[in-house]
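In: coordinates for the following, if possible.
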Amino acid sequence: MVRFLADAYRSPQILLDTRERLEAQADDPAARPFTREDARASVAALDAFRAGLNEFGFGGLRFEAPPSGLSPLDIEAVAVTVSLDLVVRATDRRRGDLVGGVLFRLSKGSDGETDAAAARRREVGMYAATLVHMACAEQLSGFGAPSPSHCFSVDVQRRERHRASSQYLTREANLRAACRSIRRAWNDATPPPGA
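Out: Below is the predicted model of the structure:
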């Protein structure tokens, strides 16, 4: 998925070759059971990505691989790792160069999901998009101005793209409050013997 979107021509052959390789792994009797099962799950995720490609609204966006070695975010003295899958580059006549990012979420979830569970998945997606924006602001500001409208969390299996919306500041404040609570709890925690 990453190689496909970062490719200047978005060659479908990239996805076809990847699927073929994964199918061979899934059918390899010499492979470990975990490897075969992981390959099957990856084929399902790749198929969901291909099926949802138009729904994700990636047309016209420029993607590239993120820089390697990005350090965790420091949110209220709690280290939070945000592993961007892609960097989004854009240009605006008034604002100049803009930067955003993409985080793919590949978990399948359960069939027959309740409305409440679907709402929770969407809310998780919105918080993940907010973390993407925070990562862009802290780690990629040299690429351009961080743009909430170019920061995405993509629920591949549900074919939903979540953008750091106009409420990203509220979500960021909530994340900071949660990290403050975590920091306080960790300060009071006693490590187990031998740790």
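
In: okay, now the unreliable bits of the protein?
Out: 109-110, 191, 195 (pLDDT under 70).

In: one more time with 80, if that's ok
Out: 108-112, 166, 188-195 (pLDDT under 80).

In: all strands for it, in order.
Out: Here the chain has its strands, by DSSP state E, at 62-64, 73-75, 78-80, 86-92, 96-105, 145-155, 160-163.

In: excluding sequence neighbours, find me the nearest residue to Leu70.
Out: Gln139 (5.1 Å; Cβ to Cβ, 6 or more residues apart in numbering). Where you see a C-beta, it was placed from the backbone N, CA and C, and this is true even at glycine.

In: who's in contact with the one you found?
Out: Counting by Cβ atoms under 8 Å, 6 or more residues apart in numbering, Gln139 touches 67, 70-71, 73.

In: most neighbours, which of those residues?
Out: Among the contacts of Gln139, the one with the most neighbours (other Cβ atoms under 10 Å) is Leu73, at 18 neighbours.

In: so which of the strands of the chain has the densest surroundings on average?
Out: The highest average neighbour count among the strands of the chain, using mean count of other Cβ atoms under 10 Å, belongs to strand 145-155 at a mean of 23.

In: what angle do strand 86-92 and that strand make with each other?
Out: Interaxial angle of strand 145-155 relative to strand 86-92 (axes from the mean of the first three to the mean of the last three Cα atoms, to 10 degrees): 140 degrees.

In: how about the strands of the chain in JSON lines, adding distance to Glu20?
Out: Shown next, in JSON lines, are those (distance: least, Cβ to Cβ, whole Å):
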{"stretch": "strand 62-64", "distance to Glu20": "23"}
{"stretch": "strand 73-75", "distance to Glu20": "37"}
{"stretch": "strand 78-80", "distance to Glu20": "37"}
{"stretch": "strand 86-92", "distance to Glu20": "23"}
{"stretch": "strand 96-105", "distance to Glu20": "21"}
{"stretch": "strand 145-155", "distance to Glu20": "23"}
{"stretch": "strand 160-163", "distance to Glu20": "27"}
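
In: so which of the ones you listed is nearest Arg122?
Out: For those, distance to Arg122 was read as Cβ to Cβ. The smallest value, 6.8 Å, belongs to strand 160-163.

In: contacts for that closest one, please.
Out: 55-57, 122, 125-126, 128-129, 148-149, 151-155.

In: just give me the closest of these to Tyr9.
Out: Taking Cβ to Cβ as the measure, Tyr9 lies nearest Phe56 of the contacts of strand 160-163, at 17.8 Å.

In: what is the burial count for that closest one?
Out: Phe56, neighbours per other Cβ under 10 Å, totals 18.

In: likewise Arg93?
Out: 5.

In: please begin residue numbering at 528 from this point
Out: Understood, numbering begins at 528; the last thing we discussed is Arg620.
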